[in-house]
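Chemist: From the sequence below, what's the structure:
(one chain, ligands or ions: 2)
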Amino acid sequence: MQKPFVLFLGYYPPAMLVLGIETSCDETGVALYDTEAGLLEHRLHSQVDLHARYGGVVPELASRDHCRRLVPLVEEVMADAGMLPGDLHGVAYTAGPGLIGALMVGATFAASYAAAAGLPAVPVHHMEAHLLAPLLEAEPPEFPFVALLVSGGHTLLVDVAGIGRYTVLGTTLDDAAGEAFDKTAKLLELGYPGGPALAALAERGDAAAFTFPRPLTRRPGLDFSFSGLKTAVLVEARRLREAGAWDEGARADMAASFEAAVVETLVIKCRRALETAGRGRLVVAGGVGANRRLRESLVADVSARGGRVYFPRPEFCTDNGAMIALAGALRLAQSGDQPRIVARARWSLEELPAVAA
Ligand code: KG4
Ligand code: ZN
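Modeler: Ligands and ions are numbered 1, 2, ... in the order given. The predicted structure is shown next:
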């Protein structure tokens, strides 16, 4: 990635090594990021199996599992990188938004680890980390850009003038895009988490079989609404069941048609956001950013207009420690020396302070 500091008279600031901790929902992520050498190590423990039989994340179980996993994962990452706590310059952790109990586990662990090693603890905004995640890739985007953040909890279009210089252009009025995938997957009798399962079923279906709405695309504006789309699928599913036509083929066609509706809606809104903000670069991040059809459709649409789309690799679209370590490294100078325990279930991106370029 680009060196984040202005250099003069041949003086190179020392590399900063940051440990990143992610515990905002159902993944425990730990990573080590070096401002010169890039990402050194990262590990992820997914709680998918733990929550699968409940059909969604159970907050208390999530908190307890983060407690169990954090120490061994951190020990593994540090040992594999050949690092000791004294080699670090800071410990970054997700301070929000997210599940408050899960956040508290990560925040308390990170602040304690930092205090024991005499290091600053850096609270990181989870959505800022998602939108900066493409900076982990070999060809990172330059600022400014528009970011589409599509996860299980958020659907946001953000104009990004620089680090901490964010203007929210649009958001969802009801369900998040990932939530719409998950709820529709449930209607289609697919397992949890629904997004990847629905996308896999859609590969075998006909996207033109059903015409589902493209919500809020016909009127101006950059907000989203996905709950009506989910209802349209529900109504169609009932009709098919009553007609005795609820088979594997029909479900695959519904999955493909639903996915096409979400993808087309997101493509239309991204095009509009780039035009409104006068930007050529689009960053796509968050779990739904791993969706193959969405990636292909956005690349086709944006490049046809002379722009360019940047994604993190699919494993860094979903929650991970690498993006937290990176965002923490970029905000290290602002963190102060006192380890702080910050956990906020709700937190707007627009509240973040800017970081000088
Ligand atoms: O960013 P993320 O890991 O966690 C949150 O912060 O929410 O996003 C998880 C969401 C889930 O709703 C999941 O179903 C969705 O991302 N997702 C997908 C795909 N992979 C993950 N949705 C559609 N297609 C995918 N391939
Ligand atoms: Zn996330």
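
Chemist: Which helix or strand contains the single nearest residue of the stretch 201-350 of the chain relative to ligand 2?
Modeler: Here the residue of the stretch 201-350 of the chain nearest ligand 2 is Asp319; by Cβ to the ion that distance is 4.4 Å. (C-beta placed from N, C-alpha, C; glycine too.) Following DSSP states H and E, one finds Asp319 outside all helices and strands.

Chemist: does stretch 281-296 come close to ligand 2?
Modeler: No: Stretch 281-296 does not reach ligand 2 (Cβ under 5 Å from the ion); its nearest approach is 5.7 Å.

Chemist: then that stretch to PDB, C-alphas only?
Modeler: Output of stretch 281-296 as PDB, limited to C-alpha atoms (Å, rounded to 0.1, in the frame of the first residue of the first chain):
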ATOM      1  CA  ARG A 281     -13.500   5.200  -8.100                       C
ATOM      2  CA  LEU A 282     -15.800   2.800  -6.200                       C
ATOM      3  CA  VAL A 283     -14.800   0.700  -3.200                       C
ATOM      4  CA  VAL A 284     -17.100  -2.200  -2.300                       C
ATOM      5  CA  ALA A 285     -16.700  -3.900   1.100                       C
ATOM      6  CA  GLY A 286     -18.700  -5.800   3.700                       C
ATOM      7  CA  GLY A 287     -19.900  -9.400   3.500                       C
ATOM      8  CA  VAL A 288     -22.200  -9.000   0.500                       C
ATOM      9  CA  GLY A 289     -19.200  -7.700  -1.300                       C
ATOM     10  CA  ALA A 290     -18.100 -11.300  -1.600                       C
ATOM     11  CA  ASN A 291     -21.000 -12.000  -3.900                       C
ATOM     12  CA  ARG A 292     -19.700 -13.000  -7.300                       C
ATOM     13  CA  ARG A 293     -22.700 -11.600  -9.400                       C
ATOM     14  CA  LEU A 294     -22.500  -8.300  -7.500                       C
ATOM     15  CA  ARG A 295     -18.700  -8.000  -8.200                       C
ATOM     16  CA  GLU A 296     -19.100  -8.800 -11.900                       C
END
